[in-house]
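Peer 1: Okay, predicted coordinates and the sequence, questions at the end:
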Amino acid sequence: MKMLNEGYYNSLSDVECYKGKSSQTQRYTDESGLCNFSENTQMRGLNLKSRNMLDSNIIWNLGNCNISEANKFDITNNVYYCERKIVNSNIWKGNIALMYPSDYGYATSGESIVSRNNCLAKDLSSWSSDCYNNDWLYTSNIYQWTLTSNTNTSYDNVFNIKPDGRSAHDSTDYIMSVRPVLFLNSSVKITSGNGSQQNPYNLIQVFQ
């Protein structure tokens, strides 16, 4: 909420990097514990042109999912429903958030042996390589936090995507990677591409 909506969103150079649920800084980029999101860095944030393409103050649903079995989630459609449950007005407004587990699920194209429909009908905690290796949100060798919490524990527990391509849930004390997620506004049009890694969308902003 803080690091992405302030430093990343505005391409700031001296941004405190947070670690876990305490506000301790993670010494990630240098010994000062600061992150550098300025334009000419590997972690560069959004430039003005990109910010102008975004919808602002998006309502992010923070529906909690109660998972009764350890490390078991569910099929993507059920996960989507769970994420959108609004309990006690459990929402947050902001520009940048994290991906939902269902975003990860819907991003697969499947493969010839295990099709996309078969992947979507399979529990996210037990995906096969045909599902996650053909998912453009999957990155091997890293853990990725999602926006959805697990309420079936007595401590802060959030779902994540593991390096083996499957969904799990862990304490927020752990340090994991995050993938910024945003909404484009209605003035942005796709000019070419199909959204694949090999042929990504090309976008243009059209003003009426």
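Peer 2: Yes, it's here.

Peer 1: Distance of the spatially most central residue of the chain relative to Gln205?
Peer 2: What sits nearest the mean C-alpha location of the chain, by CA atoms, centre = their mean, is Met99, with 2.3 Å. According to CB to CB, to the nearest Å, Met99 stands 23 Å off from Gln205. (C-beta placed from N, C-alpha, C; glycine too.)

Peer 1: now Thr139
Peer 2: Using CB to CB, Thr139 is found at 28 Å from Gln205.

Peer 1: returning to what we had before: check contacts around the residue nearest to the centre of the chain.
Peer 2: Residues counted as contacts of Met99 (CB atoms under 8 Å, 6 or more residues apart in numbering) are Leu137, Gln144, Thr146, Leu147, Arg179, Val181.

Peer 1: Tyr174 in helix, strand or coil?
Peer 2: For Tyr174, the assignment made with DSSP: H, G, I helix; E, B strand; the rest coil gives coil.

Peer 1: which strand residues sit across from Ala168 in the sheet?
Peer 2: Asn160 (DSSP bridges).

Peer 1: Wait, it touches Asn150, no?
Peer 2: No. Contact criterion CB atoms under 8 Å: Ala168 and Asn150 do not qualify, at 9.6 Å.

Peer 1: Spell out which residues are contacts of both of the two.
Peer 2: By CB under 8 Å, 6+ apart, the residues touching both Ala168 and Asn150 are Phe159.

Peer 1: State the distance from Pro101 to Cys119.
Peer 2: Distance of Pro101 to Cys119, computed by CB to CB: 13 Å.

Peer 1: who touches both of these two?
Peer 2: Thr76.

Peer 1: and for stretch 75-90, what are the contacting residues?
Peer 2: Under CB under 8 Å, 6+ apart, the answer for stretch 75-90 is 61-65, 73-74, 100-102, 105-106, 119-124, 147-148.

Peer 1: Got the domain ranges for this structure?
Peer 2: Here the domain parsing of the chain from automatic domain parsing is 1-52, 54-205.
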